[in-house]
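**Student:** coordinates only, no sequence provided:
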């Protein structure tokens, strides 16, 4: 099983499967859902590994535009771009610089980089409102925004507000972006599923969550593959960050 799937719980797999399935492309929805039901019914290491391998296979397929790959896919042969290339391609599409490292490190950098990029692009009054909704005092938020002059970085945000607020900001921005791509109604259903099955998501994301009406930048997402790979990579980055936040420092 690829290490990027190590932090995932059954509800996370449900989220990913729902995102990557669909009528466009060659995704084997019946097989995917069969493997997913096996994990949800009896969460054994063997069931998780089988599902993780299939999800990886589908993501590698979606990340490949090679016509020869479609032929190999249809004949059941192993094919597709490495998962690392899917991450790099999504980062390029989102205009985020992702340093080389493990795939998990790259996904975390993608999630943090895109969140700070989008936060920086908001009008100052919306930046202020978001910070206040995440629990920052009005005067503290205003002073930080004035001092930062539109330049933001995760370490500076953590130093100013603490990890809980920064985690909330990242998750609020990324869930907002995911909702923009997959559609508000579809996103609402998936987010409600996450809240019901993993209630601690709510506290970790923060009180603003995905309900904020913020003018996120409109993504120029052309082609059905990006409508699946971008949300999937951002969500994998979120899950990796979630596990890191929950793991006590040694």
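**Tutor:** Nice, I can see it. This structure is a prediction, so every number in the text was calculated from the model and none was measured.

**Student:** give me phi/psi at residue 123?
**Tutor:** phi -60, psi 150 (degrees, to the nearest 10).

**Student:** measure it to residue 145 for me?
**Tutor:** 11 Å (Cβ to Cβ, to the nearest Å). Bear in mind the C-beta positions are built from the backbone N, C-alpha and C, glycine included.

**Student:** same question, residue 171
**Tutor:** Per Cβ to Cβ, residue 171 is found 20 Å from residue 145.

**Student:** the more surrounded of the two?
**Tutor:** The residue with more neighbours, out of residue 171 and residue 145 and counting by other Cβ atoms under 10 Å, is residue 171; that gives 23 against 17.

**Student:** what is the least confident helix or strand in this structure?
**Tutor:** Across the helices and strands of the chain, mean pLDDT, DSSP states H and E gives its lowest value to helix 67-74, namely a mean of 53.

**Student:** just the mean pLDDT for the very next helix or strand once past it, thanks.
**Tutor:** Heading C-terminal from helix 67-74, the first helix or strand you meet, by DSSP states H and E, is helix 83-93. Regarding helix 83-93, the rounded mean pLDDT is 91.

**Student:** please, which helix or strand holds residue 173?
**Tutor:** Secondary-structure element containing residue 173, defined by DSSP H and E: helix 163-182.

**Student:** show me what counts as buried in that helix.
**Tutor:** By neighbour count on 16 or more other Cβ atoms under 10 Å, the buried set for helix 163-182 is 165-182.

**Student:** got it, and stretch 180-197?
**Tutor:** Of the residues in stretch 180-197, those with enough neighbours to count as buried (16+ other Cβ under 10 Å) are 180-182, 187, 190-191, 194-195.
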